[in-house]
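1. pasting the structure only:
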């Protein structure tokens with residue numbers, strides 16, 4: 001067993017309250033692999049199969065948000081794990097077990113790129129449904145109704161990138177203000193003008209599962225209201241599983257077709273694609289900051305391996321926008337820093 005006896009007893013007690021029987025023995029409770037979160041997940045073998053137990057006593061507000069948003073999405077027919085039960089203080093949550101077939105795993109195991117693209121198209125259909133179907137109901141979710149991802153949040157992500165990746169990870173000095181400040185203001189202001197929909201905020205391959213042919217998503221505890229392209233670019237410019245540019249462009253057009261043909265939206269394709277790449281600047285700065293923080297502050301050094309892909313995405317997008325000259329210069333210097341080269 002990979003957890004303390006007290007936790008084991010609490011899990012067993014909550015399962016009993018939910019009417020779920022354990023076959024007996026601590027070997028029925030197994031710690032699953034940890035990701036970037038401080039939360040822990042345990043797969044629990046039961047007499048009828050298995051469930052997953054989530055716990056994080058240190059950040060209770062995130063667990064409360066997970067329960068609130070999860071129940072909201074489930075009630076609206078969106079593919080999330082069913083929340084079976086939770087204790088009074090939301091420190092333990094029993095979830096439906098989605099298995100081990102994440103999009104990341106399936107794409108890595110795929111025998112052909114056509115198979116990979118098939119998975120991604122299925123996920124894009126799911127993404128559009130989640131974004132468009134859920135948005136009119138946001139006011140009914142106590143956690144979501146006041147959350148907005150706008151100018152202040154975009155600026156926070158950019159500052160997070162400068163602090164965690166540029167200064168701390170790459171060891172570079174960056175002065176505040178000046179033209180760089182103007183560029184980051186312009187980026188945040190531009191993205192802030194976009195219409196807002198339900199936004200998962202971390203819609204990437206390791207948070208997406210396929211169970212019995214149906215797409216399911218996890219880690220929605222930081223969901224908010226934001227632009228469509230942020231979740232889209234999180235998937236298509238993912239640093240965990242990298243699509244080539246031709247594949248990504250094709251999938252981007254497939255997603256736009258889905259918005260038009262299935263959801264009846266009037267989409268200016270050229271403007272939508274431009275915003276997609278601007279959102280890519282934002283998202284990949286955030287991802288690089290997160291990888292740096294997790295590796296340096298949390299000791300999760302495996303995240304260092306995803307930095308080159310995230311940096312490549314960021315450099316590619318910056319080449320499309322000459323107006324971000326100072327940001328591009330800083331990123332190019334970072335790419336040549338000894339830490340990155342090592």
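-> Arrived safely. What you see is a predicted model; the values in this text were computed from it and never measured.
2. need the contact list for residue 17.
-> Listed by CB atoms under 8 Å, 6 or more residues apart in numbering, the contact partners of residue 17 are residue 85. Yep, even glycine has a C-beta here, placed from its N, CA and C like the rest.
3. where does it land on pLDDT?
-> Looking at residue 17, its pLDDT stands at 86.
4. mean confidence for the top helix by length along the chain?
-> Ranked by residue count, the top helix of the chain under DSSP state H comes out as helix 269-296. Mean per-residue pLDDT for helix 269-296: 97.
5. try stretch 157-165
-> Stretch 157-165 shows a mean pLDDT of 97.
6. buried sites along it?
-> Residues of stretch 157-165 classed as buried by neighbour count (16 or more other CB atoms under 10 Å): 157-158, 160-162, 164-165.
7. re the thing from before, what's the following helix or strand after the longest helix of the chain?
-> helix 307-318 (DSSP states H and E).
8. contact partners of that next one?
-> 169, 237, 239-240, 242, 245, 277-278, 280-281, 284-285, 287-288, 291-292, 324, 327-328, 331-332, 334-335, 340.
9. quick one, which of those are buried?
-> 169, 237, 239-240, 242, 277-278, 280-281, 284-285, 287-288, 291-292, 324, 327-328, 331, 334.
10. neighbours of residue 45, just the number please.
-> Neighbourhood size, residue 45 [other CB atoms under 10 Å]: 17.
11. so what does it have for phi and psi?
-> As for residue 45, its main-chain torsions (degrees, to the nearest 10) stand at phi -80, psi 130.
12. state the distance from it to residue 28.
-> Note on residue 45: its distance to residue 28, by CB to CB, to the nearest Å, is 4 Å.
13. shared neighbours of those two, anything?
-> Contacts common to residue 45 and residue 28, judged by CB under 8 Å, 6+ apart, are residue 22.
14. where does the protein dip in pLDDT?
-> Confidence mapping of the chain against pLDDT under 70 gives the ranges 1-4, 24-27, 34-37, 57-60, 88, 90.
15. which stretches of it form helices?
-> Along the chain, counting by DSSP H, helices occupy 5-17, 60-75, 103-109, 113-134, 151-160, 178-192, 228-236, 245-261, 269-296, 307-318, 325-335, 338-341.
16. for residue 95, which of the ones you listed is the nearest?
-> Closest to residue 95 of those is helix 60-75 (CB to CB; 8.1 Å).
17. what's next to that closest one, contact-wise?
-> Contacts of helix 60-75 (CB under 8 Å, 6+ apart): 39, 54-56, 80-83, 86, 89-91, 93, 130, 134, 137, 140-144, 220-223.
18. buried set for that helix?
-> In helix 60-75, counting by 16+ other CB under 10 Å, buried: 62-73.
19. ok so, going back, go through the helices of the chain and name the closest to residue 205.
-> That would be helix 103-109 among these, by CB to CB, at 3.9 Å.
20. list the buried residues of that closest one.
-> Within helix 103-109, the residues scored as buried using 16+ other CB under 10 Å are 103-107.
21. centroid residue for this structure?
-> Centroid-nearest residue in the chain, with CA atoms, centre = their mean: residue 202, separated by 1.5 Å.
22. I appreciate the help and will end here.
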